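Undergrad: 3D, please:
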Amino acid sequence: MKKNVKLQSYITIGMLSSISFLLMLFNFPIPPFPAFLEVDFSDMPALLAAITMGPVAGILVEFFKNVLDWVFSGTPTGVPVGHIANFVTGILFILPVSFVFNRSKTVKGLIGGLAVGTIIMAVGMSILNYVVFLPMYTYFLGMEPVVGDSLYKMIVAGILPFNIVKGILITIIMALLFTTMRKWIINQRSVYLTK
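TA: Model (predicted):
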């Protein structure tokens, strides 16, 4: 029985990773944010994995989706800085959702988790973009680094509000999905998360 559940979990993670990868291809910018910031809904399969199979499953979906996108789409720098940033963004988002939802398995719990995940993702990625990702990206592209006030303004006026908007959009869609898929989610949790 345990072997069947394990195999089924591998198959489900693979399927959700593939769906996540496909959703990643349908990205779009939101004016007036910088053009390099694009919204996609590829975190949603990872969220489903995290709340039905646990946080490790969600992390694996985030990982495989980015590996697939890197393999098929490549990267302008030759180094997957954007994919690493996307992976970290996904983890910062889904882990708080999984933690909060596990304590209160209701729509309110999910929305509360998504709100906490949005805040942690937005603040965490603002700091990481300031310290790590934007300097890395400009370095590997051979561009002049963005520093000082320009970098600060880009974070505060661009990246921070963008991630908040992205989190709100995903929250709305996930709340709607949860209300329609509640029975399925509860059934999946009973299969994968029973002790």
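
Undergrad: the residue nearest to Phe33 when sequence neighbours are not counted: neighbour count?
TA: Spatially, and ignoring its direct neighbours in sequence, Phe33 is nearest to Phe162 (4.6 Å; Cβ to Cβ, 6 or more residues apart in numbering). Bear in mind the C-beta positions are built from the backbone N, C-alpha and C, glycine included. Residues contacting Phe162 under the criterion other Cβ atoms under 10 Å number 20.

Undergrad: tell me which element Phe162 is part of?
TA: Following DSSP states H and E, one finds Phe162 within helix 160-192.

Undergrad: buried residues in that helix, which are they?
TA: 160-163, 165-167, 170-171, 174, 177-178, 185, 188-189, 192 (16 or more other Cβ atoms under 10 Å).

Undergrad: again, but for stretch 121-129
TA: So for stretch 121-129, counting by 16+ other Cβ under 10 Å, buried means 121-122, 124-126, 128-129.

Undergrad: so which pair among the buried residues of helix 160-192 is furthest apart in space?
TA: Pro161 and Tyr192 (35.7 Å; Cβ to Cβ).

Undergrad: which residues touch Ser17?
TA: 45, 60-61, 64-65, 68 (Cβ atoms under 8 Å, 6 or more residues apart in numbering).

Undergrad: er, Pro145 I mean
TA: Taking Cβ under 8 Å, 6+ apart, one finds 135, 138-139 in contact with Pro145.

Undergrad: returning to that earlier point: could you check how far the residue nearest to Phe33 is from Met121?
TA: 11 Å (Cβ to Cβ, to the nearest Å).

Undergrad: likewise Val132?
TA: 15 Å.

Undergrad: give me the low-pLDDT residue ranges for this structure?
TA: Residue ranges of the chain with pLDDT under 70: 1-2, 77, 194-195.

Undergrad: now do the helices in this protein.
TA: With DSSP state H as the criterion, the chain has helices at 2-25, 43-53, 55-73, 81-103, 107-128, 134-141, 148-154, 160-192.

Undergrad: so which of those gets nearest Pro31?
TA: Nearest to Pro31, of all those, is helix 160-192, at 11.0 Å by Cβ to Cβ.

Undergrad: mind giving me the packing neighbours of the closest one?
TA: Here helix 160-192 touches helix 2-25, strand 38-39, helix 43-53, helix 81-103, helix 107-128, going by 3 or more Cβ pairs under 8 Å, 6 or more residues apart in numbering; DSSP states H and E.
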